[in-house]
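Chemist: Here is my input, please return the structure:
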Amino acid sequence: MSDQQIPDTATAIVADRAGGPEVLHPATVEVPQPGPGQALVRVAATGVNFIETYQRSGIYDVAYPFTPGGEFSGTVMAVGDGVTDVAVGDRVATAHGARGYAQYTAVDVDALVPVPDDIDDETAAALPLQGMTAHLLTHATKDVQPGETALVHAGAGGVGLLLIQLLKAAGARVVTTVSTDEKAELAAGAGADEVLRYAGFRDRVRELTDGRGVDVVYDGVGKDTFDDSLASLRVRGLLVLFGAASGPVPPVDPQRLNTGGSLYLTRPTMMHYTTTAEDRRARMADLFGMVRDGKLNVRIGARYPLAEAGQAHTDLQGRRTTGKVLLVP
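Modeler: Next comes the predicted model:
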């Protein structure tokens, strides 16, 4: 256990039932004790992600009362039995935690990655989920090669800005879609070669590629963009569907992949690409190194006090945010 003072109670965000952002409310809860193989983390910053809006609204089943939050950074305050990988005082981060909308939370040590001294807490909280997602999409779901062309939807979003930078680092040409002038400026600043609006993007993509189409589409929007994403691909191109900000895609007839040009469609999820602690730590070490070397800029688009978690969900779902959204206890 820790020699540092740990309070008996602290604040956490709790939902007692499924519903809109208004069901999220601050509550005083007991500070958890770390079990075997766990660490107690004092949370420095927590990432707000679309999966938590799905959990809160009832799209994904969770047990109530429910405290969201799988992604956060912080400091180890105590460790449970058998823990040797981390020690009290270590700075850590995770995308595989739980109950991170809180001042303190207990987490399995295997889920934690070390945070280097020269990486600040907010960057450490902003990178694990979206950073590892962008990393696996460009290094594993598809091993992007120099000279390939990629279409990235929602280029000013948290994953979008990171995807653009990782794709450019791999030598790809990047076309992206955005919804406003401000977001267009952000996407261009991240290195996008062409920035489009959503209306008519499939025709513009064909024009920009001399009718060929792009090698890969990264689509986190879902229902509203899916059909035109398929139509933007070259023969044997790949559509990577990794989110559904506009709603889930209806069932797809596989014959469409044939008629579209022997296309490939995949729906990756991070858990299947980060199955071991070693894999997670390697990906995060690569990302932290790119930040350190100035090759990756992590944009914190909005910060909310813990008590305003509901407003953070409202703004995220309303697509009023850019970059990463954080809760700061």
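
Chemist: In which helix or strand does the spatially closest residue to Leu162 that is not a sequence neighbour reside?
Modeler: Distances taken as C-beta to C-beta, 6 or more residues apart in numbering put Ala134 closest to Leu162, at 3.9 Å, once the chain neighbours are dropped. Just so you know, the C-beta spots here come from the backbone N, C-alpha and C atoms, and that holds for glycine as well. Following DSSP states H and E, one finds Ala134 within helix 128-136.

Chemist: Tell me which residues are up against that helix.
Modeler: The set of residues external to helix 128-136 that reach it, using C-beta atoms under 8 Å, 6 or more residues apart in numbering, is 47, 49, 70-71, 93-95, 113, 158-159, 162-163, 166, 242, 268, 270, 273-274, 280, 283-284, 286-287, 298, 324.

Chemist: Mind doing that once more with 6 Å?
Modeler: 47, 49, 71, 93-95, 158-159, 162-163, 166, 270, 273, 283, 287 (C-beta atoms under 6 Å, 6 or more residues apart in numbering).

Chemist: next one: stretch 167-182
Modeler: 138, 144, 146, 148-153, 155-156, 164, 184, 187, 191-196, 198, 201, 295.

Chemist: are any of those residues buried, and which?
Modeler: 138, 144, 148-153, 155-156, 164, 184, 187, 191-196, 198, 201 (16 or more other C-beta atoms under 10 Å).

Chemist: Next step: those restricted to helices.
Modeler: Cross-referencing the buried ones among the contacts of stretch 167-182 against helices under DSSP state H gives 164, 184, 187, 201.

Chemist: quick one on the thing from earlier: need the buried ones from the contacts of helix 128-136 selected in PyMOL.
Modeler: The following PyMOL line selects those of these that are buried, judged by 16+ other C-beta under 10 Å:
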select buried, resi 47+49+71+93+94+95+158+159+162+163+166+270+273+283+287
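
Chemist: Just the ones in strands from the contacts of helix 128-136, please.
Modeler: 47, 93-94 (DSSP state E).

Chemist: with these in mind, which one is nearest to Gly247?
Modeler: Closest approach to Gly247 among the ones in strands among the contacts of helix 128-136 (C-beta to C-beta): Gly47, at 22.4 Å.

Chemist: what about the residue nearest to the closest one when sequence neighbours are not counted, distance to Ala87?
Modeler: Spatial nearest neighbour of Gly47, excluding adjacent residues (C-beta to C-beta, 6+ apart): Glu71 at 3.7 Å. Look at Glu71 and Ala87: by C-beta to C-beta, to the nearest Å, they are 22 Å apart.

Chemist: before we move on, what about Arg256?
Modeler: 53 Å.
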